[in-house]
Structure formats: C-alpha cells, structure tokens
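In: The amino acid sequence is not available; the structure is as follows:
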C-alpha cells in the first residue's frame, strides 16, 4: 500500500457492532472478523513475514530478558540447549513466555518507523476510528489510547497463564489482530481462556484478519506452537487503556 490513507479507510466497514457488543458483554470476549481492509491485512502479513528486526523475549531468573532473534537463531546447539533449559526452569516457577516482538507503537512514537506499511498500522492503532470501534464494542467510553507491538511465535514459543492485570497501567481490554494465513489448529498457538479454577473454557485458533478482543482481567494463555510447525504465528497485540498516556520512554 502506498500514499497517505485515512485510518478510517484502513478498517473494513461493519454492520455487526451491536451483535458483537452483545456477545462481548455476555462472554467478556469476542472475535471481530475482517477487521482491516483486505489490502492492509495482506500487506501487513507480507511485511511481517519478511521482517527481520525481531527481539526474542523471555524471563530468566525472574527478570524480563530480550535478545536479538537473528543472533539467537545462529548460536550453537549446546548454548541453545542451555538457554532453553533456563526458559523451562522459569516456566516451572510460574509465569513465563517465549516469543518474538517488535515495539510498533513505541517506535512510532519516537519516529523510528520508516516502513510504509508499518507506518499505516501505527496510524491505525493511534486513530480515533480504531479507538471508537473498541469503545463501542466494549461499552467503554473511558478508553483514551491503545498500545501495540508486532509479535511472532515460532516452533516452541508460548505464553503461559496470566490475566493481564497490572497495577497502574489502566488496561481496559486486550486485543490480538491475527495476521497468519491458513494457520492449522494442529500447530498450537491457540489463544486459550480459562476459568478462575483453571478449567479450559475456550480455545481460539488464529484466523487471518480477525481481532480477538477481551476484557481485563481474564485468565488466558497462548498454547505452545508445535515443535514441527513450519509457519509463523503473526499478530499485532496490545491493550486499550484509560487515563493519560505515559510519556515516551518511561517503560509503561
């Protein structure tokens, strides 16, 4: 996609807001099909599939850690095995994750985006059109802004059980804009919702150009991507938030 495009034009037209809002009010979650105009969705898929500036993120000894994903892919098997052992040890102690990310909104706010497609995605996430859609679906006029990152899950990647509640971050709802095409259920990577008792309530296999939207807090996880998976689970993820937006660079 080339040239300036209004953020309103980047969203697909909708006639189902009332029914989606009713479902969200009842379940606390909903899938919004055909979120983006097809051209943008396809362009984002192609751009993210070719993107190389990913950070591999995880927790080690209780601390968030970030590594250059390309460099990590080149380390020798012994070092990789030691790294994976540390990842699994942390998973045994509690909350853990292993996936790749690119901070779309953070880089957009600091002027570090140059790719035309990602600039359009950034403009969309910052737009009143996108925020108004969330406000209508959630019945949440208090929403003031959305953050967002690109995410890529490959074989062995996962996100363990958590509820997205975080003191001081003012999260109203979480969203996942799925951008993988023809993702097979057998490859894992499902967004799973659990009851407070730990029972599995529902599992959503990624659907291309569909936004998963759910209120915070909500116990959920991303199931492990199968070791034999050859594709990549691509998405834009973030939160709709109330209150004043933090200043650039304050880590919130």
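Out: Here it is on my side, so go on. Not measured: the values here are computed from a predicted model.
In: Check what pLDDT the most far-flung residue of the chain relative to its centre gets.
Out: Using CA atoms, centre = their mean, the residue of the chain lying farthest from its centre is residue 78. It sits 31.0 Å away. Confidence at residue 78, expressed as pLDDT, is 97.
In: And for the one 3 residues further on?
Out: Predicted confidence (pLDDT) at residue 81: the value is 96.
In: which SS class is the residue farthest from the centre of the chain?
Out: When classified by DSSP: H, G, I helix; E, B strand; the rest coil, residue 78 comes out as helix.
In: Kindly report the same for the one 5 residues further on.
Out: Remark: residue 83 carries the secondary structure label helix [criterion: three-state DSSP].
In: which ones are touching it?
Out: 72, 75 (CB atoms under 8 Å, 6 or more residues apart in numbering). No exception for glycine: its C-beta is placed from N, CA and C like everyone else's.
In: Would you check how far apart the residue farthest from the centre of the chain and residue 147 are?
Out: Residue 78 is 38 Å from residue 147, where distance means CB to CB, to the nearest Å.
In: same question, residue 109
Out: On the measure of CB to CB, residue 109 and residue 147 end up 10 Å apart.
In: go on, residue 72?
Out: 25 Å.
In: Pick out whichever of these two has more residues nearby.
Out: For residue 72 versus residue 147, neighbours defined as other CB atoms under 10 Å are more numerous around residue 147 (21 against 15).
In: what are the phi and psi values for the residue nearest to that one when sequence neighbours are not counted?
Out: Setting aside the residues directly before and after it, residue 147 is nearest to residue 238 in space (CB to CB, 6 or more residues apart in numbering), at 4.6 Å. Dihedral pair for residue 238: phi 180, psi -160, per degrees, to the nearest 10.
In: who does the helix or strand bottoming out on mean pLDDT in the chain touch, helix- and strand-wise?
Out: Least confident element among the helices and strands of the chain, by mean pLDDT, DSSP states H and E: helix 7-10 (a mean of 83). For helix 7-10, the elements it packs on are helix 116-125, helix 128-138, judged by 3 or more CB pairs under 8 Å, 6 or more residues apart in numbering; DSSP states H and E.
In: Which residues does it contact?
Out: Residues from elsewhere that reach helix 7-10 (CB under 8 Å, 6+ apart): 36, 37, 40, 120, 123, 124, 126, 127, 128, 129, 130.
In: Good, we can wrap up now.
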